[in-house]
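>>> Return atomic coordinates for the entry below.
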Amino acid sequence: MNMTTDRDLQSEFNELLAFNERIDRERNMYRDQARMYKQRNASAKSLVDSHFRFNKDNPEMTLKAIQRALIGTGD
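Take a look at the predicted model:
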């Protein structure tokens, strides 16, 4: 018969709490990254869309605008 002591149960409980805290921190980090990339992509899309409206016939400037939108925005 496998008897579990209160100390064993408390230890297991503490391990589970630590695991949950680590998982929560990771989840929050990924959530924050997703928000940052979503905002960055929206900024890039807005810049490219506005550039296309005004410079449809200049592919070099279009390429520069896309590069600026994808590389130059964010942190």
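>>> Nearest residue to the middle of the chain?
If you average the C-alpha coordinates of the chain and look for the closest C-alpha using CA atoms, centre = their mean, you land on Gln33, 1.9 Å from that point.
>>> element containing that residue?
Using DSSP states H and E, the element containing Gln33 is helix 6-54.
>>> With Ala65 instead?
Using DSSP H and E, the element containing Ala65 is helix 59-71.
>>> which other helices and strands contact that helix?
If you count contacts as 3 or more CB pairs under 8 Å, 6 or more residues apart in numbering; DSSP states H and E, helix 59-71 packs onto helix 6-54. All C-beta spots, glycine's among them, are computed from the backbone N, C-alpha and C.
>>> where does this structure have its least confident helix or strand?
Of all helical and strand segments in the chain, the minimum by mean pLDDT, DSSP states H and E falls on helix 59-71, at a mean of 73.
>>> orientation of that one relative to helix 6-54 in degrees?
What separates the directions of helix 59-71 and helix 6-54 is an angle of 160 degrees, with axes from the mean of the first three to the mean of the last three CA atoms, to 10 degrees.
>>> Centre of the chain to helix 59-71, how far?
23 Å (CA atoms, centre = their mean, to the nearest Å).
>>> which intervals of this protein have sub-threshold pLDDT?
Counting by pLDDT under 70, the chain contains low-confidence ranges at 1-3, 51-52, 54-56, 69, 72-75.
>>> change it to 50
Low-confidence regions of the chain, defined here as pLDDT under 50, cover residues 1, 75.
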